[in-house]
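Colleague: Here is the input, now give the coordinates:
(chains A and B)
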Amino acid sequence: MAKDTSMLQGIGNLSPDANKMRKSTRSISFRDLKRLAQYTGEGRIKMVFLIMAAIISGGLFVVAPVFSGNAIDLMAGKGKVDFESVTRYALVLLAMYAIAAFFSWIVSYYANIIAANTAARLRGEMASKFSRLPVSFFDTHAAGDVLSRFVSDVEAIADGLLQGLLTMFTLVITVSGTLVFMLILSPKMTLVIVPMAAVTVLLATKIAGKTTKHFSSQQRLVGDIQATIEEDFDGQREIKAFGAKKSSIEAFREKNEKLRVSSVRAQFISSLPNPVSRSINHITYVFIGALGYFFGGLTAGGISTFIMYWNNFSRPINDLTNITTQVMAAMASTARVFEILDMPEEKEIEETADSAIPMNFQSDVVFSHVHFSYTPEKPIIRDFNLVVKPGKRVAIIGPTGCGKTTLINLLMRYYDPTSGSITIDGRDITSVSRSRLRNAFGMVLQDTWLLDRSVRDNIAYGKPHATFDEIVAAAKAARAHGFITRLPNGYDTILDRRTNLSSGQRQLLCIARVLIMSPTILILDEATSAVDTLTEKRIVEAFEAMMKGHTSFVIAHRLSTIEGSDIVVDMRNKTQEKLNRE
Amino acid sequence: MKDSRTKKFSQTLSTLRPFQKELVLGPLAKLLEAVLEVTLPMMMAHIVDVGITSHDHEDVLRTSLVMGVMILVSLCCAIFCQYCAAKASTGVGALLRERMFTRVNAMSTKEQEVIGTESLMVRMTTDVNQTSLAVSMLIRLVSRVPFITIGGVLAAMSIDIPMAGVLAVASVLFLVTLLLIIRSTFMQYGIVEKRLDKITSEVRESILGVRVIRAFSRNKHHEDKMNDASSAYKESVIAVSKLSSLMSPVTVFIMNLSIVAVIFIGGIRVDTGAISKGDIIAFMNYIFTIVTALTILANLVVIFTRTFVSMERIEEVLCSKASERDDEMESLKSTAMDKPVDDISMENQPYHPLVKFENVSFSYLDTDDDDTDLLAVDSLSFQIRKGEKLGIIGTTGSGKSTVLALMLKLYSPTSGEIYIDGENIAEWSEERVRAQMSPVFQSPRLFRGTVRENLLLGGISMDDKELKKRLQIAMAWDFVSKMEGGLDAKVEANGRNLSGGQRQRLCIARALCHDAALLLMDDASSALDMETDEKLQATLKEHLAETGKTCVMISARIKPIVDANWILVFDNGKLVGEGKHDELLQNCEEYAKIAASQEMGGV
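Modeller: Purely as a prediction, here's the structure:
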């Protein structure tokens, strides 16, 4: 990306803000959850079905053990089995289990659909948010972070939602229903057993709490080691050339060992809840047997029923402890996603009668008393004044970081001036819609951003319905037709990593992309600094042809491109001297 | 089959060796736990049948106590096993990472390019984690699951054989169903993952291209593309969930079906007096235990299927050719440092070539045919003399940078020889070759750390005064001194917190700090503005004159090399002219063309 130092410094200064953004993810509010519920949207009917299905299947699972217990009690001993009743119970059980299975399938299927739809809706919302966010958002937020919110965080939300829906209702019904039945069966034993479950939950959550801490420290080390690996692999040339192989392996070893130690701890602790809760279950199991006998006055069938209840009761609670981490992660992700959705948007003017009057962009471009700073402490542009007559070429020069690109940012309304105004045709550029304004400009940057699609699509990027003739004409004007025809599939060649276009060729495509739009005003920002001079000559030729008769702004650190400009603006020391050559 | 597999993964599996103790003791402890766990229902049956039926308080109490002790012992076993698993699995992970890292660092540039950074990253993270997970699962579950399943069935058989038949049939049915569902969803998950990747690439595209997208007012188009990718993904998720949501209901149903069978058949068996009521309760318990174990087994199958793929990818790195020699790295490096090439014999022969290319050709591609179009450099012969400044000029893709890479032995010539001080560098170790040169590459790359650490890359040492001197030559002291912390100012990954020009200047300073006799500069000041560049060229010239260093300056522009003692002109991988500036203007067409293209800028 073509960025001025000034902008990079701006990012540096904004980083506390970014830190704030990261920190705020820790506070998870109930409001977020309520808001998330809105995104399940049309899933509401499905949700009702899901809850009903959960009640039915959960209820059946609660009742079933009574029948199996009764059946066992009917087997008094050798020759004393009431077959008729046992068979009846078995058949009833069979039917109950079959119905329960069907409804639990409905719960599971609907939960999947609701989660997938919610994820898609969130992504749709974010996608449209992206269109409305100001460019400054993308300048101040790491692409990787924004990307991971769009992809991984929404994924985590879907996972958490799915697990939540799958277990929540079933859990409430099974646990509460089971509790009631246990109370009916033997209140005394229930009072002994329920605290056991409480102990399990407490222990598990306590360990889980510890685990989160260890996992987050492990995660930090993982991030560190990934960065180290990436840096080492990408920087192999330097590492080899400066004999740094040994020291970089040493540094890696140190980090790797740190990670190992932390991982052992995190993994060990996180694997504890499972055996611990299993042991508690076993102990409870013995309790049920012994206590059932001593205090409960339970029959053998009663004990069997109670054991099955205990299974019904403890399993969802164990599941709950497993899911907690997932749900917590989902809540954290929800906060991160909403943070993006709540970012201030680019203010777009209302299309009033006034603003709808088309600007023809044919007369003077006037900067008057323009001030601008990315951060209040660091003014980039101070009281900048400039009048550009139609058809003139303005060259903007000066050392890196003096605000050359900033000027373009203001002209294209990627940013708006802190004070002062820019007018075209005597009208403030903020009085027309951004897209209207930008359509009048043709911009070529140093960064040759092209799509992974065909040459044809790339040239017609801004004019999707362009005819093939228009595309070829633009390519010819950009001096790109020649090399395009030599590509394996000509205009239909797909520009992916395998097509080895040189930076010069990519730049010519960018020029063709601009030419097809027949813009009124041209902007070239360091468009040739990445290419060698012979290629540059070709590009400059294309530029020259393009700029003829158009107002144009050219930023370049090589003087060659500046030759032939009408006005040279030297941005050095944040003061502007105009060398009017007219 | 098993043998060939073991052999196939020999490098990966060898990382298990240091953890033999954990690999044996862990599963053993787990086995003990499983034995105890399987015994519990039997004892429960005893309580129900003997204790309750005969009202033997003491027996019930005693049995309960024994069971309590067994549970405690099994808890200890489980915790010990978890510890073994954590230790061995993270240990294997760390060892794999270290070996891969070392291996990659020993590869030649060409060998590294074959695998690629992105792929290497995935292998060192995701694939290693997968393998590590498998080790942990192996220790934790490999003894437990079969034991519980088989032991459960055996214990059931000891109670009653026909009833055990129910268990066995249920187990098989359960496992087959699980595996069928898993297998049919496996492929679909592949599609799901691909579509998620598609979302990633669409979003990345619209983030990186935001300026151009806005310039062309194509926001809506990219929004739609992101939405399309997201909908396609959603469709695939829902498609796969049609099957995967069957998993739990169906398996639970099979489990419950076997409970019904136990009640029904159990009724018959109790009637004939073959078993007791307590036995039926024990059976039901076995069903729960076995089903839990089988669910784990099914997950294990998935994990191991994935792990085999990961292990193959790890093995590929560990077994790939790594041809950089690092034998006697230390001694060679130190002698090279002590005795730079400009020794006495050279002092007497000022025109003895320091570096000599003899008929060198090189192709980045590994092809056997002699298609010269594929050659990056073609039959190059030239010499670099001690103390001189050699300029190399040509358009992009003409092979300039390849010369530098070949000199540094980052690549070896496809044919031809390169000599340093009369010795063929094919005979030298990479370390020794590189100790002779300090390069500045075209794209400035810095590392996370401080300015000082970046300058002293590779662990050399130099005091602040000398560092400052070199930063001044590179025109970098001005901004470094203004940075918070000066020499110890923070440099972020890739030098993100610095501008392109600042990065380039630090890279030049880094090369100067390494003080080798040969300074190689590849378009090293392209991001500097005119003024700074001119100052830099002047201080650099002074430095070269002062130290008598030899300098190779690759440039796309004529200006930095106008004063070179000798200039090589490259076109399309071939040397098309050499000589001094004035001569080349006269008799080298390519050079004259380049000069003309830059003349127009008033250079």
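Colleague: Please count neighbours and contacts with C-alpha atoms only from this point.
Modeller: Will do.
Colleague: Residue A:227 and chain B: what is the separation?
Modeller: 8 Å (Cα to the nearest Cα, to the nearest Å).
Colleague: three-state assignment of that residue?
Modeller: Put simply, residue A:227 is helix when judged by DSSP: H, G, I helix; E, B strand; the rest coil.
Colleague: Give me the neighbour count for it.
Modeller: Residue A:227: 15 surrounding residues under other Cα atoms under 10 Å in any protein chain shown.
Colleague: now the helices for the stretch 51-200 of chain B?
Modeller: Secondary structure of the stretch 51-200 of chain B (DSSP state H, counting those that start in this stretch): helices located at B:53-54, B:57-106, B:109-115, B:117-122, B:128-141, B:144-159, B:161-208.
Colleague: For the closest residue to residue A:256 other than its chain neighbours, give me its contacts.
Modeller: Distances taken as Cα to Cα, 6 or more residues apart in numbering or on different chains place residue B:94 nearest to residue A:256, at 6.1 Å, with adjacent residues excluded. Residues in contact with residue B:94, defined by Cα atoms under 8 Å, 6 or more residues apart in numbering or on different chains, are A:256, A:257, A:259, A:260.
Colleague: returning to that earlier point: can you tell me which of the helices of the stretch 51-200 of chain B is nearest to residue B:379?
Modeller: Nearest of the helices of the stretch 51-200 of chain B to residue B:379, taken as Cα to Cα: helix B:109-115 at 20.1 Å.
Colleague: CA-only coordinates of that closest one, as CSV, when you get a sec.
Modeller: Taking C-alpha atoms only, helix B:109-115 is exported to CSV below (Å, rounded to 0.1, in the frame of the first residue of the first chain):
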residue,chain,number,x,y,z
THR,B,109,16.8,-21.2,-0.8
LYS,B,110,15.7,-23.3,-3.7
GLU,B,111,14.7,-26.2,-1.4
GLN,B,112,12.8,-23.8,0.8
GLU,B,113,10.9,-22.3,-2.2
VAL,B,114,9.7,-25.7,-3.2
ILE,B,115,7.7,-26.0,0.1
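Colleague: ok, and what's touching it?
Modeller: Contacts of helix B:109-115 (Cα under 8 Å, 6+ apart): A:236, A:237, B:104, B:321, B:322, B:364, B:410, B:411.
Colleague: any idea which element the nearest residue to residue B:558 once chain neighbours are set aside lies in?
Modeller: For residue B:558, ignoring the flanking residues on the chain, the nearest one in space by Cα to Cα, 6+ apart is residue B:595 at 6.5 Å. Using DSSP states H and E, residue B:595 falls within helix B:589-599.
Colleague: Just the buried subset of the contacts of helix B:109-115, please.
Modeller: A:236, A:237, B:104, B:322, B:410, B:411 (16 or more other Cα atoms under 10 Å in any protein chain shown).
Colleague: Sort these by pLDDT and name the bottom one.
Modeller: Within those, pLDDT reaches its minimum at residue B:322, with 78.
Colleague: Am I right that it is in a helix?
Modeller: No: assessed with three-state DSSP, residue B:322 is coil; it does not lie in a helix.
Colleague: For it, give its distance to residue B:111.
Modeller: Distance of residue B:322 to residue B:111, given as Cα to Cα, to the nearest Å: 7 Å.
Colleague: Can you report how many residues neighbour residue 90?
Modeller: Let's take chain A. Neighbour count of residue A:90, defined by other Cα under 10 Å: 22.
Colleague: oops, chain B please
Modeller: By other Cα under 10 Å, 27 other residues sit near residue B:90.
Colleague: Next, the contact list for it, please.
Modeller: Contacts of residue B:90 (Cα under 8 Å, 6+ apart): A:260, A:263, A:264, B:132.
Colleague: Please apply the same query to residue A:302.
Modeller: Residue A:302 makes contact with A:69, A:70, A:73, A:185, according to Cα under 8 Å, 6+ apart.
Colleague: and the stretch 301-450 of chain A, which of its residues are near chain B?
Modeller: A:301, A:304, A:398-400, A:412, A:414, A:435, A:438-439, A:441-443, A:449 (Cα under 8 Å from any Cα of the partner chain).
Colleague: now, the most widely separated pair of the residues you listed?
Modeller: The widest separation within these (Cα to Cα) is 91.4 Å, between A:301 and A:398.
Colleague: now the angle from the helix or strand harbouring residue A:290 to helix B:57-106?
Modeller: Assessed by DSSP H and E, residue A:290 sits inside helix A:273-291. If you take axes from the mean of the first three to the mean of the last three Cα atoms, to 10 degrees, helix A:273-291 sits at 170 degrees to helix B:57-106.
Colleague: Right, I'll leave it there.
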